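In: quick one, structure for this:
(chains A, B and C)
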Amino acid sequence: MEEQNVMKRVFDHASLLLLLTAAIVFGIMEPRFLAWSNLTNILTQSSSSIVAATGMTFVLLTAGVDLSLGAMMFLCAAAAGKMALAGQPLPACAAAMLGCGILCGAVNATAVVWLRVLPFIVTLATLYLGRGLALTITETRAMNLPEAWLGLGRPSIAISISAAVVTVAEITLRYTVYGRHLYAVGAARRIAEYAGLPSRRLVFSVYVVSGACAAIAALLTLGQLGAVSPKFGENREFTAIAAAVLGGTSLFGGRGGVFPGAVFGALLMQSIETGLVMVNADPYLYPMIMASVIFAVVLLDARRRKPGRA
Amino acid sequence: MKPFLFCLLFPFLLTACKDSGSGKPKIGVAFETLQTEFWVAGFDAIKKECAAAGYEAVESVADGDANRQLEQVQNLITRKVDGIILVPKDAQTCLPMIKAANDAGIPISLFNRPAAQSEAKSVAVVADNFSLTKETVLYMIGEAKKTGQKHKAMVIMGDLGDMNAIGRRDGFEAAVKEAGAGVVEVVSRVPSEWNQEKAQAGVTNALQANADISFIFTSSDFLLPSIVSALKAAGKYHKAGEPGHVILGGFDGDATAWSMLKDGYLDATGVQDVYFEAKQCVQAIVDLKAGKTPPALIIDAGFVIHRGNMNDKSAQMWGANIRK
Amino acid sequence: MTSPHRCGVRTSGSDPVSESTAAISLKRFRVPENLRGLAACAVLFAIMAATTEGMASVENLRSIGTAAIPLFLLALGQMAVIISGGIDLSVTATMALSSITGAVVMRETGSTAAGVTAMLTVGAAIGLINGAAVAWLRLPPFMVTLTTQMFLSGLAVWAVQSKNIGGISPGFVRIGKEVGIAAGIAVVCGLLGHVLLRKSVWGRQLFATGFNAEAARFSGLPVPWVRVRSYIAGGLLAAAAAVILTARLETGSPVLGQRMLLDVIGAAVLGGVSLHGGRGHVLWVLGGALFFSVLDNALNLRGLSHFKIMMAKGGVLLAAAALDAWRSKTS
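Out: Got it, this is the predicted structure:
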């Protein structure tokens, strides 16, 4: 009994456990991995992924999925890049990005809620549309942004923006009626509807949240890079889904959260990437190690819930 | 799936389509990617050369997929173009495309990337990635020797699935092996997958592990902004001659590289001569049509541009001459 | 794919009683629905042929065929997995790995048969791994195949250190040269797939499992084994597509078909395969794959850039899905 409890508690935080393991392993191989400056560095680099994973968590909670996340990021960045190169100030560009993200999210939401198309199909289609549109805007050229943008990438700013997003999201999910309704709709939509919850409006909202988060994530990435390239945001939807799932969020809705879940998931992936560079690992091994870690977490996560429903 | 839906869609599709029917002879230009400024500059140069030779350029971009490129080449053959300029993804996968063009009797030339040995006939105009990189890195090592100190080095590699990237990686390693002993020690190899985000994160991480890195080579200049942003964050972005300068080298010779070279931040970059390559590609088509046989391989020697020769060489550097 | 195990809460579908088995509901729509996708392709082709120079030429028909055949095979495999209530994101990695394996085997032995056998074995093995993780470890298909996709494509590039493998046997290259052979493979796979899905015990079990796994389990069906076999079928078909693509490029490539994944899922979905599981037909997939190929080809002939073609595909996908949803709501 006792042993079971311990095991349960360990498994409850599989990503935390692996994060600690990674920290210890890399720390032994390369002590500078644990230096304060490197820890800030990991936080800064993962800030964008954390925000993206936050938005994805909202969508996953309703048993949906948003495959267009990376495309939305690219579209926002492309619009902002065009504006910045035309001489618009940073705040105006940032506002435009947010507007663009919300608009994209609303398009997804409309198709999911009003046209009643499966989220997977809707966002697959908008992935094509978004990337195609952004490539048309940028004419597939890379854009180098003015100096001021790099200011956004400073650790203090990047970390506080992502922390603010996480805090707001966490409070919303945990302490508001809206948050609890989201879980209810995700866990059993029919039942929630019978109970009188406005399920359509709730589902609509999560795609808008995801769009807004995509815009903020794009902003943070731009702050780090100072440039928009044609590969901007590519495959970010998959990293965001992986981060959310690493954090214990279910793909079938109704279970999961932003903190510690998605945050630790994103941190785990960034730590491994950083660690591999620091120990000068064979570059060919990166994707295989990353895949193994994600698989391990998914497996642990499933073991934990085995007695219940799959 | 209802047919009537698609009937509704057609007006939309048709209005979205432009039909090219200007009556001029056509040259099909099949690029593997337009992802970096280098390819865009090459594409623009080819279009200009085509126009100068009286041809219309018909564009297609394969977005990194060899099979899609094969389909596009077949489409060009279907359209009965008068010549094809191909930027293949790699040396092997372009062979069936060249053979298809040969069978249709359409002259074909290869821009910037060569084909593997075979009986298929084409004219390839290429820069030697390996040698040019080696030369660039040798120059950088020369600069490093002048400082009289040992340097820890980092190399930013391209996509490990791209042979150009591999050629540059091997050129770098060869130069270090040949001249780097006692001067340059490679402590970090960052895979960028030709992705700026990965490059930026990789450089930052490598600088965490080895704060004293003072020698960086990037396999393409289009990653320079990412490197600069990482160096700035680490407080290591200084001009040559200033204390703490990181010896920085690249490949391609794009506009960012030119401005950094002018400002003294970049030490050297291996420049591929886009104008030369574009002109030769179009010329090869014209020659083949006229029944002449140009050489199967035309080498763009390229050159290393650095502070010592930048005023003489800037006219040949495409990055110094494109609109920004 | 969002809730394959939870048929009770699905939003589409009409009266659960009249749909108690897939067979009944399918019989009701069989004749018109199965040919709709192909009819749409024919209409699209007719209009494009009338307005685009060179569209209806023999060479162009051949190039539409060469594009559509591998896509059809991949989408067919994807459909087998989707019917079971899963999804397979690892098809491109499967192709890459089997491409280099086959090329190496052929370079060493010079035997076409050995190469093809090796490629199919790799495909089946990957399918078995995916299927085992989904069916017996009960992990979500999306995550399983996402990780196998990352792992296997990394493995493929690592195994050959980025190099392409040449020196493929001439007999093998013929498969790529002659469209007839590839078409033959596609016809055989299509017919075999149809017979397996509609006439075999496994096919009926597959539809039942995808339609309602819980009910299938209670009725005593070997649900995990049914699922595993669907992933093996997916892997085999991906390998078959890899055979054609590798032969056509005359090269074993560790990044073969890297960017085809979205087109594959898109073609299956466009054809009308339900991501909820339990619904699908060989002709639907054929329609979806052909429609994408004709669209791609026609817009390309008209000189549209690839990102405009991307947008057109996205628009068609969304419109088709919206119409499908609208029909099922009003009917």
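
In: could you use CA atoms for every contact and neighbour count after this?
Out: Will do.

In: okay, helices next: where are they in the stretch 101-250 of chain C?
Out: Taking DSSP state H, counting those that start in this stretch, the helices of the stretch 101-250 of chain C run over residues C:112-135, C:141-159, C:170-177, C:179-199, C:201-211, C:213-218, C:223-249.

In: and the stretch 201-324 of chain B, by the same measure?
Out: Using DSSP H, counting those that start in this stretch, helices in the stretch 201-324 of chain B cover B:224-233, B:255-263, B:274-289, B:310-313.

In: tell me which of these sits nearest to residue B:105.
Out: Nearest of these to residue B:105, taken as Cα to Cα: helix B:274-289 at 9.9 Å.

In: how about the strands in the chain?
Out: Because you didn't say which chain, this covers chain A. Per DSSP state E, chain A carries strands over the ranges A:143-144, A:227-228.

In: I was thinking of chain B, sorry if that wasn't clear
Out: B:26-31, B:56-61, B:83-86, B:108-112, B:123-127, B:151-157, B:184-191, B:213-218, B:247-252, B:268-271, B:297-300, B:303-306.

In: how about the second one, does it get close to chain C?
Out: Yes - Strand B:56-61 comes into contact with chain C when judged by Cα under 8 Å from any Cα of the partner chain, the residues involved being B:58-61.

In: tabulate these in JSON lines, adding columns for distance to chain A.
Out: Below are those laid out as JSON lines (distance: Cα to the nearest Cα, whole Å):
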{"residue": "B:58", "distance to chain A": "16"}
{"residue": "B:59", "distance to chain A": "13"}
{"residue": "B:60", "distance to chain A": "13"}
{"residue": "B:61", "distance to chain A": "11"}
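
In: residue C:88 and residue C:242, how far apart?
Out: Distance, residue C:88 to residue C:242, by Cα to Cα, to the nearest Å: 16 Å.

In: ugh, wrong one, residue B:27
Out: Computed as Cα to Cα, the residue B:27 to residue C:242 distance reads 31 Å.

In: more crowded one of those two?
Out: Neighbours were counted for residue B:27 and for residue C:242 using other Cα atoms under 10 Å in any protein chain shown; residue C:242 has more, 33 against 28.

In: so that one touches residue C:95, yeah?
Out: Yes - between residue C:242 and residue C:95 there is a contact under Cα atoms under 8 Å: 5.0 Å.

In: find the residues that touch each one of those two.
Out: residue C:256 (Cα atoms under 8 Å, 6 or more residues apart in numbering or on different chains).

In: quick check: closest non-adjacent residue to residue C:266.
Out: Leaving aside its sequence neighbours, residue C:266 sits nearest to residue C:317 (Cα to Cα, 6 or more residues apart in numbering or on different chains; 7.0 Å).

In: report the central residue of chain A.
Out: Nearest to the geometric centre of chain A sits residue A:53, at 1.7 Å (Cα atoms, centre = their mean).

In: quick check: closest non-adjacent residue to that residue.
Out: Spatially, and ignoring its direct neighbours in sequence, residue A:53 is nearest to residue A:240 (4.5 Å; Cα to Cα, 6+ apart).

In: what does residue B:293 give?
Out: Using Cα to Cα, 6+ apart, the closest residue to residue B:293 is residue B:287 (6.8 Å).

In: could you report the pLDDT at the one you found?
Out: Listed pLDDT for residue B:287 reads 92.

In: how near is it to residue B:281?
Out: Residue B:287 is 10 Å from residue B:281, where distance means Cα to Cα.

In: so these two - more neighbours on which side?
Out: Neighbours were counted for residue B:287 and for residue B:281 using other Cα under 10 Å; residue B:281 has more, 28 against 14.

In: residue contacts, the more buried one?
Out: Contacts of residue B:281 (Cα under 8 Å, 6+ apart): B:46, B:85, B:109-111, B:123-125.

In: near chain B, which residues of the stretch 151-300 of chain A?
Out: Proximity of the stretch 151-300 of chain A to chain B, by Cα under 8 Å from any Cα, involves residues A:154, A:221, A:224-227, A:229-232, A:274-275, A:277-280, A:283-284.

In: 6 Å instead, please
Out: A:225, A:230, A:274, A:277-278, A:280, A:283 (Cα under 6 Å from any Cα of the partner chain).

In: the residue nearest to residue A:53 and residue B:230, how far apart?
Out: Applying Cα to Cα to residue A:240 and residue B:230 gives a distance of 23 Å.

In: now do residue B:177
Out: In terms of Cα to Cα, residue B:177 sits 27 Å off from residue B:230.

In: so for these two, which residue has more residues nearby?
Out: Using other Cα under 10 Å, the more surrounded residue of residue B:177 and residue B:230 is residue B:230, with 25 against 12.

In: pLDDT wise, what is the more buried one at?
Out: In this model, residue B:230 is scored at 87, pLDDT.

In: contacts only, for it.
Out: B:200, B:204 (Cα atoms under 6 Å, 6 or more residues apart in numbering or on different chains).

In: now for residue A:254, how many residues are close by?
Out: 23.

In: mind listing what it touches?
Out: Residues near residue A:254 by Cα under 6 Å, 6+ apart: A:61, A:183, A:186-187.

In: can you rerun that using 10 Å?
Out: A:58, A:60-63, A:180-189 (Cα atoms under 10 Å, 6 or more residues apart in numbering or on different chains).

In: was I right to think residue C:141 contacts residue C:85?
Out: Yes - at 8.7 Å, residue C:141 and residue C:85 qualify as touching, with contact defined as Cα atoms under 10 Å.

In: which of those two has more residues huddled nearby?
Out: Per other Cα under 10 Å, whichever of residue C:141 and residue C:85 has more neighbours is residue C:85, with 29 against 24.

In: distance of the more buried one from chain B?
Out: Using Cα to the nearest Cα, to the nearest Å, one gets 21 Å for the distance from residue C:85 to chain B.

In: check residue C:53 too.
Out: From residue C:53 to chain B the distance is 8 Å (Cα to the nearest Cα).

In: same question for residue A:24.
Out: Distance from residue A:24 to chain B, counting by Cα to the nearest Cα: 16 Å.

In: residues contacting that residue?
Out: Residue A:24 sits next to A:18, A:30-31, A:33-34 when contact means Cα under 10 Å, 6+ apart.

In: near chain B too, which of these?
Out: Contacts with chain B within the contacts of residue A:24, counted by Cα under 10 Å from any Cα of the partner chain: A:30-31, A:33.

In: which of those are buried? Put it as a ChimeraX command.
Out: Of these, the buried ones can be selected in ChimeraX as follows, counting by 16 or more other Cα atoms under 10 Å in any protein chain shown:
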select /A:30,33
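
In: report the mean confidence score over the longest helix belonging to chain B.
Out: Taking DSSP state H as the criterion, chain B has its longest helix at helix B:129-147. Average pLDDT, helix B:129-147: 93.

In: likewise stretch C:269-276?
Out: In this model, stretch C:269-276 has an average pLDDT of 89.

In: cool, stretch A:157-177 as well?
Out: Averaging pLDDT along stretch A:157-177 yields 95.

In: for stretch B:81-99, same thing?
Out: On average, the pLDDT along stretch B:81-99 is 88.

In: does it come close to chain C?
Out: Yes - against chain C, stretch B:81-99 shows contacts by Cα under 10 Å from any Cα at B:90-97.

In: now rank these by neighbours and give me the top one.
Out: Among these, the one with the most neighbours (other Cα under 10 Å) is residue B:94, at 28 neighbours.

In: apart from its neighbours in sequence, what residue is nearest residue A:69?
Out: Excluding the flanking residues, the one nearest residue A:69 by Cα to Cα, 6+ apart is residue A:237, at 5.2 Å.

In: now do the contacts for residue B:134.
Out: Counting by Cα under 10 Å, 6+ apart, residue B:134 touches B:128, B:140, B:167-176, B:178, B:270, B:304.

In: do the same with residue A:226
Out: Here residue A:226 is in contact with A:81, A:143-153, A:219-220, B:196, B:225-226, B:228-229 (criterion: Cα under 10 Å, 6+ apart).

In: spatially nearest residue to residue 149, not counting backbone neighbours?
Out: Here I'm looking at chain A. Among residues not flanking residue A:149 along the chain, residue A:223 sits closest, at 5.2 Å (Cα to Cα, 6+ apart).

In: to clarify, I was referring to chain C.
Out: residue C:90 (4.2 Å).
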